[in-house]
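Colleague: Got a predicted structure plus its sequence, pasted below:
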There are 2 protein chains.
Amino acid sequence: MRAGEILAGDTRAIARAATAIENRSPDAEPLLRELFPHTGKAIIVGITGAPGSGKSTLVDQLVRVLREEGRRVAVIAVDPSSPFSGGAVLGDRIRMQRHHDDPGVFIRSMATRGWLGGLARTTTDMALLLDAAGYEYVLIETVGVGQDEVEIARLADVTVVVLVPGAGDAVQALKAGIMEIADVFVINKADFPGAGALEREVKTSLALGSGSEQPKPPVVLTVAQEGRGIAEALAAVRGRLEGGDRCRRAVAAWSVALREMLRERLLEGFSDVNFDAAAAEVASRRRDPYSLVDEWIARGGQ
Amino acid sequence: MRAGEILAGDTRAIARAATAIENRSPDAEPLLRELFPHTGKAIIVGITGAPGSGKSTLVDQLVRVLREEGRRVAVIAVDPSSPFSGGAVLGDRIRMQRHHDDPGVFIRSMATRGWLGGLARTTTDMALLLDAAGYEYVLIETVGVGQDEVEIARLADVTVVVLVPGAGDAVQALKAGIMEIADVFVINKADFPGAGALEREVKTSLALGSGSEQPKPPVVLTVAQEGRGIAEALAAVRGRLEGGDRCRRAVAAWSVALREMLRERLLEGFSDVNFDAAAAEVASRRRDPYSLVDEWIARGGQ
């Protein structure tokens, strides 16, 4: 794989590289190493929300508005229910089709791989690839609440949390800690009953939480299905890019990512260990896990 | 810390050991090593569901029924909104009080530590401690959907997913992959409208998914607040313990846990690395992350 083709924006080369990253192919790292100095220009926006919150439609509309401005846009869909990743109803697929035909838009879905971890790492590499390839905006769509979302939020410049009226989402999000990762709240389906109440609820909890020095995340109402509020949502995202926060966040994200990369590389030296056989010994209590790990450490990576 | 005291069921010694495990104290591992041969007897039940699903009340009721049978029961609450972990309204706290006064019940809440990972590892160690201490049932309460839940489900003998009517839970759970970790479904608040519809929805999706060789998870209706359906839920959990699946699951869980333990130990040798300083170099593109990791690997753990 040639870095030059990717830097030139060759869509086929980008797609091949994306596949190499997703498969953790040995070709991926030398390429990323070469591309790395050319990254750091794209604006990375995480968009997270429960299935049914309409965040795929919101992403679709954001792509439309950014394209009208002439921006190149990439979408990484790590939501198994997203139409971008192929899990949705026919109508959604047809709606997305227009972007598939637009050379200024790159769409990539990522399998969640049975949650065996590494999703944040793969997403980081994918975002770097698309950044190097000259996409000015990289939109990362994730579902739900969990460690993956928090890790992906860490790598994004701005994280948008999408809520909908009447789903009890706000309360759930509050309790589960997703409020803390939000830089912008979008209340989608704002034409549904309860949108005003949800807006007040979110604003009240924002007023209660966090110190007064921190700017409060703005709350934007949208009806993505009809394209309403999209410009306002984009303006809110851009508003969060101002100020010195971006660099501080990037350092924090890399601090975690470097540890993760080191951890992975260290474990590669133990690829000859039969973990399943060892697990059977532990499960039957013939061995204890602590002394097994001691032995592996003593022997060192091969 | 003396293993003998824990094996004898001394509550204070158990509490001290639990604190050592939660703080990742260096005292914890030698103790766990000594306790390990005495583990493997407890039945570990994971109970997961969204905040507001009433799973804390369900746990409370399961504890009551198990105590009536004379079983010793431990509860590990990793849900930040659980009354067990102290995040709930006063009424819930008062309700739990009776178990706090019962020497046959051990309750431990675990902070989620800002989702920095390691929760599954700490929970595994905590469950081993309580197993060695002679608790016949260890109930692990978790919230929501995410990698943590899946990892904790892996270590449980049986995983119960709690749903409630009208919350759109079933659809969300389906899409987000939580259905796959469920061994038993409990539809709580079954006196609410829509319980029957939710039951049909779950059963339909179970019929559609997975092969026919696999036994389908039973669906139990409860009104935990009034103690209704609790015996049935417990019977469903016990039903899932029969058959040879338990050992196969334990081997799979240990295979993942051993990797995680090795990974952690390997990283300990790099505690002198200043990851934040390195991250600042990467964020400013003065260095690329790949060559930094190469250097660390070449130097080796200290």
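Modeller: Perfect, thanks for sending it. Residues are numbered from 1 along each chain as shown, chains lettered A, B, ... in the order given.

Colleague: Would you map out the domains in chain A?
Modeller: A:3-244, A:269-299 (automatic domain parsing).

Colleague: which one of these lies closest to residue B:155?
Modeller: domain A:269-299 (11.3 Å; C-beta to C-beta). The C-beta positions use only the backbone N, C-alpha and C, and glycine is treated the same way.

Colleague: for that closest one, the distance to its chain's centre please.
Modeller: 34 Å (C-alpha atoms, centre = their mean, to the nearest Å).

Colleague: what about that domain, near chain B?
Modeller: Yes. Interface with chain B: domain A:269-299 contributes A:270, A:273, A:275-276, A:278-280, A:282-285, A:288-293, A:296-297 (C-beta under 8 Å from any C-beta of the partner chain).

Colleague: quick one: average pLDDT of that domain?
Modeller: Average pLDDT, domain A:269-299: 92.

Colleague: what stretches of the stretch 151-300 of chain A score poorly on pLDDT?
Modeller: A:167-179, A:208-214, A:243-244 (pLDDT under 70).

Colleague: Please enumerate the strands of it.
Modeller: Per DSSP state E, counting those that start in this stretch, the stretch 151-300 of chain A carries strands over the ranges A:158-163, A:184-187, A:219-221.

Colleague: ok so, going back, check the domains of chain A for me and report the most buried one.
Modeller: Using mean count of other C-beta atoms under 10 Å in any protein chain shown, the stretch among the domains of chain A with the largest mean neighbour count is domain A:3-244, at a mean of 19.

Colleague: What residues are bridge-paired with the nearest residue to residue A:233 once chain neighbours are set aside?
Modeller: Nearest non-adjacent residue to residue A:233, counting by C-beta to C-beta, 6 or more residues apart in numbering or on different chains: residue A:220, 4.8 Å away. Judged by DSSP bridges, the bridge partners of residue A:220 are residue A:186.

Colleague: Residue A:220 touches residue A:237, doesn't it?
Modeller: No. Assessed by C-beta atoms under 8 Å, residue A:220 is found out of contact with residue A:237, at 9.2 Å.

Colleague: okay, and the common contacts of these two?
Modeller: Taking C-beta atoms under 8 Å, 6 or more residues apart in numbering or on different chains as the contact rule, residue A:220 and residue A:237 both touch residue A:184.

Colleague: from the residues of domain A:269-299 next to chain B, which ones fall inside helices?
Modeller: A:275-276, A:278-280, A:282-283, A:289-293, A:296-297 (DSSP state H).

Colleague: separation between residue A:194 and residue B:252?
Modeller: 43 Å (C-beta to C-beta, to the nearest Å).

Colleague: I meant to write residue A:138 there.
Modeller: Per C-beta to C-beta, residue A:138 is found 35 Å from residue B:252.

Colleague: swap in residue A:49?
Modeller: Taken as C-beta to C-beta, the span from residue A:49 to residue B:252 is 32 Å.

Colleague: cool, and residue A:4?
Modeller: 44 Å.

Colleague: Equivalent analysis for residue A:231, please.
Modeller: Applying C-beta to C-beta to residue A:231 and residue B:252 gives a distance of 50 Å.

Colleague: same thing with residue A:190?
Modeller: 45 Å.

Colleague: ranges for the strands of the stretch 1-150 of chain A?
Modeller: All strands of the stretch 1-150 of chain A, identified by DSSP E, counting those that start in this stretch, fall at A:43-49, A:73-77, A:105-109, A:137-143.

Colleague: Show me what the second one is packed up against.
Modeller: When you say that, I think you mean strand A:73-77. With contacts taken as 3 or more C-beta pairs under 8 Å, 6 or more residues apart in numbering or on different chains; DSSP states H and E, strand A:73-77 sits against helix A:55-68, strand A:105-109, helix A:119-132, strand A:137-143.

Colleague: Out of these, which gets nearest to chain B?
Modeller: Among the helices and strands packed on strand A:73-77, the nearest to chain B by C-beta to the nearest C-beta is strand A:137-143 (6.1 Å).

Colleague: tell me the angle the closest one makes with helix A:119-132.
Modeller: 160 degrees (axes from the mean of the first three to the mean of the last three C-alpha atoms, to 10 degrees).

Colleague: Alpha carbons of strand A:137-143, in PDB - could you do that?
Modeller: Taking Å, rounded to 0.1, in the frame of the first residue of the first chain, the C-alpha atoms of strand A:137-143 are listed here in PDB:
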ATOM      1  CA  TYR A 137     -14.600  16.200   8.900                       C
ATOM      2  CA  VAL A 138     -14.500  12.600  10.300                       C
ATOM      3  CA  LEU A 139     -17.900  11.700  11.900                       C
ATOM      4  CA  ILE A 140     -17.800   8.700  14.100                       C
ATOM      5  CA  GLU A 141     -21.200   7.200  14.900                       C
ATOM      6  CA  THR A 142     -21.500   5.000  18.000                       C
ATOM      7  CA  VAL A 143     -24.400   3.500  19.900                       C
END
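
Colleague: what is the orientation angle of it with strand A:158-163?
Modeller: Using the same axes, to 10 degrees: strand A:137-143 against strand A:158-163 is 40 degrees.

Colleague: now check strand A:137-143, is it near chain B?
Modeller: Yes. Judged by C-beta under 8 Å from any C-beta, strand A:137-143 and chain B are in contact via residue A:143.
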